[in-house]
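Peer 1: return atomic coordinates for the entry below.
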Amino acid sequence: MLKEESVWIGKELLKLAEEGSASPILNFGSSTGHFRKTEQPIIHTNIFEPLEKSAIKVYHLDIKLEEGVDFVGNVFEDKALFNEIRSKNIKCILCSNLLEHVPDPKPFYSILEQLIDGKGYILVTVPFLYPYHADPIDTKYRPTVNDVVQSFSNARLVKGETITINETHFQFIKKHPSLFFIILFRVFTPFYRFKTWKKIISDIPNLFKKFRVTCVLVEISK
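Peer 2: So this is what the prediction gives:
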């Protein structure tokens, strides 16, 4: 997650929570507590710490059985897990930097709506201008605000914008020298995993452009 993105998320979630419209919150695809607090501390500092101070209940869902994960498993395959989460009367879901890493985002949009109890909110962030980053895959799904809203079956746009991050791909690479050599190696090896090579090559024209992220908050009514 990028700093400006975390600030946007934190501001919108806290606003909803203070209005009494977003508790409890489900962090869908949360990763671990160590990731949120140590590897990327901006996530905890800008999003979850302010919510904790406001006594807003947050549940974290991920496939990893580790510290800081409240619900573990795949809600598509585990009906008991789905029902357990539904029983918590979730009013708001955060789904950040996940949809570009799944083969087909459509089922995810659907399951997010299904997990909301009655009326609620869903906040989605997805890269708009960002390099290929496999985790373990990157489909290069880079939607607009309108793309995200229309992917839900019944959603009203509350707020949506494509925010600009104060960093370019080149600046990011400069801070990670090992990444530079990996990219350089891949540029000259098109014969290895050609489809992946094409995705990497397609990012070269954007090397000196600032990252951009699509941030969308929608209201779901049933």
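
Peer 1: who touches the lengthiest strand in the chain?
Peer 2: The residue-count maximum for a strand in the chain (DSSP state E) belongs to strand 155-168. Identification of contacts with strand 155-168 by Cβ atoms under 8 Å, 6 or more residues apart in numbering yields 2-5, 8, 12, 113, 121-122, 128, 144-145, 148-149, 207-221. The C-beta positions use only the backbone N, C-alpha and C, and glycine is treated the same way.

Peer 1: quick one: average pLDDT of it?
Peer 2: For strand 155-168, mean pLDDT is 94.

Peer 1: counting by contacts, list what the next helix or strand after it packs against.
Peer 2: Following strand 155-168 in sequence order, the next helix or strand is helix 169-174 (DSSP states H and E). Applying 3 or more Cβ pairs under 8 Å, 6 or more residues apart in numbering; DSSP states H and E, we find helix 169-174 packed against helix 177-187.

Peer 1: how about the next helix or strand after the helix it packs on: buried residues?
Peer 2: Using DSSP H and E, the helix or strand that directly follows helix 177-187 along the chain is helix 194-201. Buried residues in helix 194-201, defined by neighbour count with 16 or more other Cβ atoms under 10 Å: 197, 199-200.

Peer 1: with stretch 74-82 instead?
Peer 2: Residues 75, 81-82 are the ones in stretch 74-82 that count as buried (16+ other Cβ under 10 Å).

Peer 1: same question for stretch 29-36.
Peer 2: Buried-residue list, stretch 29-36, by 16+ other Cβ under 10 Å: 29-32, 35-36.

Peer 1: so where's this protein uncertain?
Peer 2: 179-186, 222 (pLDDT under 70).

Peer 1: gap between the spatially most central residue of the chain and residue 209?
Peer 2: Nearest to the mean C-alpha position of the chain, by Cα atoms, centre = their mean, lies residue 96 at 1.3 Å. Noted for residue 96: a distance of 22 Å to residue 209, by Cβ to Cβ, to the nearest Å.

Peer 1: just residue 121 next, same as before
Peer 2: Separation of residue 121 from residue 209 (Cβ to Cβ) stands at 31 Å.

Peer 1: got it, and residue 129?
Peer 2: In terms of Cβ to Cβ, residue 129 sits 6 Å off from residue 209.

Peer 1: and residue 193, by the same measure?
Peer 2: Separation of residue 193 from residue 209 (Cβ to Cβ): 25 Å.

Peer 1: so what touches the top helix by length along the chain?
Peer 2: Scanning the chain for the helix with the most residues, using DSSP state H, yields helix 3-18. Under the contact criterion Cβ under 8 Å, 6+ apart, helix 3-18 has outside partners 22-23, 25, 42-43, 45-47, 50-51, 54, 56, 92, 94, 96, 121, 123, 125, 159, 163-166, 213, 215, 217.

Peer 1: which one's more surrounded, residue 129 and residue 209?
Peer 2: Ranked by neighbour count (other Cβ atoms under 10 Å), residue 129 and residue 209 place residue 129 first, with 18 against 13.
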